[in-house]
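> A structural model of the following input is requested.
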Amino acid sequence: MTEIAHGAVVVLPGEAIVSRWWRTIDKGVLGALVLLFAVGLLLGFAASVPLAERNGLPPFYYVYRQAFFGGMAFVVMLGTSMMSPDMVRRLGVIGFFFVAAALMLLPALGTDFGKGATRWYSLGFISLQPSEFLKPVFIIISAWLMASANEPGGPPGRLISFGVLIVVVAFLALQPDFGQAMLTIVAWSGIYFVAGAPILLLTAIGMIVGLVGVVAYKNSEHFARRIDGFLSPDVDPRTQMGYAIDAIREGGFFGTGVNEGRVKWILPDAHTDFIIAVAAEEYGLVMVLFIVALFGFIAVRCLTRLCVERDTFIRLAGAGLTVLLSAQAFINLGVAVRLLPAKGMTLPFVSYGGSSLIAMGALTGMLLCFTRTRPQAEIGDHLLSNGYR
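Next comes the predicted model:
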């Protein structure tokens with residue numbers, strides 16, 4: 001007897017790729033991702049117009065760019081979701097080495113655009129941020145290494161993946177980009193937890209991260225300034241955090257109304273890191289809860305489907321990608337309401353940003369691929385094949 005993972009779907013021999021993809025894709029998650037991008041465009045019409053005006057550009061310049069990059073992101077997402085898990089694994093492992101090399105060359109060839117952190121490559125018409133593309137491929141190679149450790153005679157995959165994590169985090173911290181470094185650690189820990197890591201070991205890793213944070217606080221003025229601002233009982237109303245909190249408070253339950261918000265004219269990052277402040281001010285708590293519900297739905301839906309997955313690599317990689325997406329959304333929202341220190345992180349599919357959108361397209365494409373329905377033997381078949389009756 002054979003079942004299909006996540007539901008009964010008949011595999012038709014010779015069926016077209018698109019037809020099979022449409023029958024096996026998680027349409028709920030796909031629909032939620034489309035809604036997130038639509039919300040991002042809606043907020044882009046409000047948040048990016050003041051920026052375009054300050055830069056002497058057409059009013060909807062950044063909206064058009066977001067639509068363009070969003071279209072590219074959806075092409076990447078749909079193309080990746082149509083691949084087989086083995087193909088995604090191969091491309092992810094190969095892609096990791098290319099992106100890691102780009103990250104290592106940033107100090108010599110990158111630029112900081114006057115923001116004090118060398119995180120981008122400037123190509124004239126577009127800028128690329130390697131750390132955005134590093135996250136999904138790092139998840140793939142980590143899951144592959146940990147899954148290989150379960151095979152008879154397999155390599156010490158967990159130890160190797162931990163070494164890779166240390167190298168990646170070190171290069172991210174050198175930019176400095178402590179937010180992305182922390183996000184990478186959280187995602188890796190999620191994979192390791194699903195792979196069966198002892199709680200004591202994860203606790204020890206957490207303590208090491210805390211110790212490294214103390215060292216960073218004492219040796220990095222940039223990092224210390226953000227921590228001090230977060231720990232301060234008073235918020236300077238003239239800072240980005242102060243303006244964002246005031247905007248969220250002003251929005252109330254239903255918001256001040258479309259195009260009636262003021263924070264977008266003040267915050268330089270209103271279209272990126274603090275896009276949720278614009279949403280809260282103009283559309284109120286209703287819009288914020290809608291965005292949170294979409295991310296929550298995607299996370300719960302994906303994890304639920306992965307719970308019955310019996311392929312170790314798919315289960316680990318899918319869990320890591322889900323943790324990564326959810327954690328990035330949580331960090332962005334947490335910073336806006338001062339639950340977390342400022343980290344300069346975008347809200348997936350909602351914030352403006354070419355690298356962020358395309359990288360998230362690849363990440364969600366991988367996630368959609370891993371949660372597609374596939375023929376999968378149920379546990380009774382495995383027991384019978386091993387002589388258990």
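
> quick one, what contacts the most centrally placed residue in the chain?
Most central in the chain under CA atoms, centre = their mean is residue 325, positioned 3.4 Å from the mean C-alpha point. For residue 325, the contact set (CB atoms under 8 Å, 6 or more residues apart in numbering) comprises 295, 298-299, 348, 360, 363-364, 367. C-beta coordinates here come from the backbone N, C-alpha and C atoms, glycine included.

> in stretch 91-100, what's buried?
If you call a residue buried by 16 or more other CB atoms under 10 Å, then stretch 91-100 has these buried ones: 91-92, 95-96, 99-100.

> Tell me which of the residues you listed fall in strands.
Using DSSP state E, no member of those falls in strands.

> got a markdown table for those, with pLDDT and distance to residue 46 too?
Shown next, in a markdown table, are the buried residues of stretch 91-100 (pLDDT from 0 to 100; distance: CB to CB, whole Å):
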| residue | pLDDT | distance to residue 46 |
| --- | --- | --- |
| 91 | 95 | 37 |
| 92 | 95 | 36 |
| 95 | 95 | 35 |
| 96 | 95 | 37 |
| 99 | 93 | 33 |
| 100 | 92 | 37 |
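
> Just give me the closest of those residues to residue 80.
Closest approach between those and residue 80, by CB to CB: residue 91, at 8.2 Å.

> contacting residues for residue 141?
92-93, 96, 161, 164.

> what helix or strand is it on?
helix 130-148 (DSSP states H and E).

> on that earlier part again, kindly indicate which of the buried residues of stretch 91-100 lies nearest residue 196.
Nearest to residue 196 among the buried residues of stretch 91-100 is residue 92, at 21.9 Å by CB to CB.

> Distance check, the closest one against residue 134.
11 Å (CB to CB, to the nearest Å).

> what does residue 16 give?
Separation of residue 16 from residue 134 (CB to CB): 34 Å.

> So for the two, which sits in the more crowded spot?
When neighbours are counted by other CB atoms under 10 Å, residue 16 and residue 134 differ, and residue 134 comes out ahead with 23 against 9.

> pLDDT below threshold where in the stretch 151-300 of the chain?
Applying pLDDT under 70 to the stretch 151-300 of the chain flags the ranges 222, 233-238.

> Run through the helices of it in chain order.
Secondary structure of the stretch 151-300 of the chain by DSSP state H, counting those that start in this stretch: the helices cover 157-174, 178-194, 199-219, 221-231, 240-251, 275-306.

> All the helices of the stretch 1-150 of the chain, residue numbers only.
Taking DSSP H, counting those that start in this stretch to define them, one finds helices in the stretch 1-150 of the chain at 17-24, 27-47, 49-54, 61-81, 85-104, 106-109, 130-148.

> Out of the helices of the stretch 151-300 of the chain, the one nearest residue 341 is which?
The closest of these to residue 341 is helix 221-231. By CB to CB, the value is 3.8 Å.

> And that closest one, what's buried?
223, 226-227, 229.

> repeat for stretch 160-170
Buried residues in stretch 160-170, counted by 16+ other CB under 10 Å: 160-162, 164-165, 168-169.

> ranking the helices of the stretch 1-150 of the chain by burial, who's on top?
helix 130-148 (a mean of 24; mean count of other CB atoms under 10 Å).

> Pull out the CA atoms of it and give them to me as CSV.
The C-alpha trace of helix 130-148 is given here as CSV (Å, rounded to 0.1, in the frame of the first residue of the first chain):
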residue,chain,number,x,y,z
PRO,A,130,25.4,38.7,-1.2
SER,A,131,24.1,38.0,2.4
GLU,A,132,20.6,37.9,1.1
PHE,A,133,21.4,35.1,-1.4
LEU,A,134,23.6,33.3,1.1
LYS,A,135,20.8,32.5,3.5
PRO,A,136,18.8,30.0,1.4
VAL,A,137,21.8,28.2,0.0
PHE,A,138,23.4,28.0,3.4
ILE,A,139,20.2,26.2,4.6
ILE,A,140,20.5,23.8,1.7
ILE,A,141,24.1,22.8,2.3
SER,A,142,23.6,22.6,6.1
ALA,A,143,20.6,20.3,5.6
TRP,A,144,22.5,18.2,3.1
LEU,A,145,25.5,17.8,5.5
MET,A,146,23.3,16.9,8.4
ALA,A,147,21.2,14.4,6.4
SER,A,148,24.3,12.7,5.1
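
> distance of residue 344 from residue 131?
Residue 344 sits 11 Å away from residue 131, going by CB to CB.

> Need the residues touching each of these two.
With contacts defined as CB under 8 Å, 6+ apart, the residues shared by residue 344 and residue 131 are residue 177.

> related to what we said a few turns ago, quick check, nearest of the contacts of residue 325 to residue 207?
Taking CB to CB as the measure, residue 207 sits nearest to residue 299 out of those, at 26.7 Å.

> Neighbours of the closest one, how many?
Residue 299 has 18 neighbours, counted by other CB under 10 Å.

> got it, and the one 3 residues further on?
Neighbouring residues of residue 302 were enumerated by other CB under 10 Å; the total is 25.

> Next: residue 210.
Residue 210 has 9 nearby residues by other CB under 10 Å.

> Also residue 266?
For residue 266, the number of neighbouring residues by other CB under 10 Å comes to 17.

> OK, contacts around it?
Counting by CB under 8 Å, 6+ apart, residue 266 makes contact with residue 243.

> I'd like to know which of the helices of the stretch 151-300 of the chain is closest to residue 108.
Between residue 108 and these, the shortest gap by CB to CB is with helix 157-174, which sits at 11.9 Å.

> what packs against that closest one?
For helix 157-174, the packing partners by 3 or more CB pairs under 8 Å, 6 or more residues apart in numbering; DSSP states H and E come out as helix 85-104, helix 130-148, helix 178-194.

> now the ones you listed in CSV, with distance to residue 154?
Shown next, in CSV, are those (distance: least, CB to CB, whole Å):
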stretch, distance to residue 154
helix 85-104, 15
helix 130-148, 5
helix 178-194, 16
